[in-house]
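Engineer: model the following, please.
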Amino acid sequence: MMPNPIQKKQSMGTVYILGAGFSKTCGIATDLEMLDSLNPLLKRTVQAKDTGAPKTTIEHLREQIFHNQPEVGFELFMSTLSSAKFINEFLETNKKIFREEEKELRKTLRAYLESCVRNVDWKIEGKTILDFVRQVDWKHDYILTFNYDMLLETAAKSVDLDVSERIIHLHGAIGEKTLAWPTYTKFAYRTTKMPLAPRWMRAFKILRNLAENQVKIDRLVFIGYSMPPSDLEAKSLFNYTDWYNYKSSSYQIVVVNPCKKKAFKENYKFFRKAPVFLPLTLEKWLRKSS
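Structural biologist: All right, here's what the predicted structure looks like:
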């Protein structure tokens with residue numbers, strides 16, 4: 001019988017962990033698609049020593065840093081750019097080229113995600129997200145999301161649900177000043193650590209069943225999340241809390257993701273409690289779980 005992460009005893013709770021695959025349901029670009037989605041929105045310029053037609057920031061950096069690497073994802077791209085901004089200090093130059101390019105891409109990302117969510121048709125592509133919102137137990141469950149978009153909040157508002165206290169954006173959200181790129185260095189800088197650390201602590205307490213006035217969390221359901229190896233902070237969060245929870249007979253880990261690549265499952269091997277992998281889209285999973 002297929003595990004049903006939504007139907008459960010009322011005294012128990014579920015933590016849903018959402019990745020880019022969740023938002024893809026509404027046409028929002030995934031990691032490998034994001035650069036191509038943002039590129040048309042960027043202005044074109046000519047830099048020193050350039051030849052040929054003007055290029056966007058993404059095109060310039062792909063040529064300079066990721067030459068002959070067409071499969072570069074947004075997370076790796078932004079993480080590299082974020083690190084490159086310190087080259088100016090090393091070269092003892094006042095030019096803040098990489099800082100300005102990161103700022104430009106962050107602004108463009110916000111505009112892109114706002115537009116995507118604003119234009120969702122909730123009777124068509126947004127229907128699956130609404131089905132998810134209606135089936136979550138908002139009194140006992142929590143959402144940890146690594147997505148910057150406000151898709152879930154917008155869906156909940158459309159059906160008159162107040163869910164803001166149950167959703168935690170671990171990497172920030174488009175309406176906030178701080179956005180963190182998912183790498184092992186994301187908390188090396190105070191500008192990222194200070195605003196985001198409290199919500200990571202809250203997530204830890206929820207997963208450890210230490211939050212005040214909380215029912216027991218007995219299920220983790222990962223939806224459209226690949227557990228990227230580069231994000232050691234996220235992996236450490238789940239690894240450490242798993243150490244406390246795995247001996248519980250009711251504790252269950254479910255991974256909903258249609259990805260069939262072997263490396264995908266390898267990313268989840270650190271769990272002591274073996275995850276149940278369901279190679280399903282969000283829509284098909286909801287249909288089987290209802």
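
Engineer: domains of this protein?
Structural biologist: 12-26+121-289, 31-117 (automatic domain parsing).

Engineer: wait, what's in contact with residue 245?
Structural biologist: 207, 208, 209, 217, 251, 273 (Cβ atoms under 8 Å, 6 or more residues apart in numbering). Bear in mind the C-beta positions are built from the backbone N, C-alpha and C, glycine included.

Engineer: now those residues in JSON lines, with distance to residue 173?
Structural biologist: Shown next, in JSON lines, are these (distance: Cβ to Cβ, whole Å):
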{"residue": "207", "distance to residue 173": "20"}
{"residue": "208", "distance to residue 173": "24"}
{"residue": "209", "distance to residue 173": "26"}
{"residue": "217", "distance to residue 173": "23"}
{"residue": "251", "distance to residue 173": "29"}
{"residue": "273", "distance to residue 173": "30"}
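
Engineer: out of those, list just those in strands.
Structural biologist: Using DSSP state E, the subset of the contacts of residue 245 located in strands is residue 217.

Engineer: which of the contacts of residue 245 lies closest to residue 181?
Structural biologist: Set against residue 181, the nearest of the contacts of residue 245 by Cβ to Cβ is residue 207 (22.5 Å).

Engineer: thinking again about what came up before, of all the domains of the chain, which gets the most neighbours per residue?
Structural biologist: Highest mean neighbour count among the domains of the chain (mean count of other Cβ atoms under 10 Å): domain 12-26+121-289, with a mean of 17.

Engineer: okay, how far is it across that domain, tip to tip?
Structural biologist: Across domain 12-26+121-289, the terminal residues are separated by 17 Å (Cα to Cα, to the nearest Å).

Engineer: and it, what's its mean pLDDT?
Structural biologist: Mean per-residue pLDDT for domain 12-26+121-289: 92.

Engineer: likewise stretch 105-117?
Structural biologist: Rounded mean pLDDT across stretch 105-117 is 95.

Engineer: other residues contacting that stretch?
Structural biologist: By Cβ under 8 Å, 6+ apart, the list of residues contacting stretch 105-117 reads 26-29, 34, 37-38, 41-42, 57-58, 78, 81, 148-151, 154, 174, 179.

Engineer: which stretches of the stretch 51-200 of the chain form helices?
Structural biologist: 57-64, 74-84, 87-90, 97-118, 127-135, 151-158, 190-207 (DSSP state H, counting those that start in this stretch).
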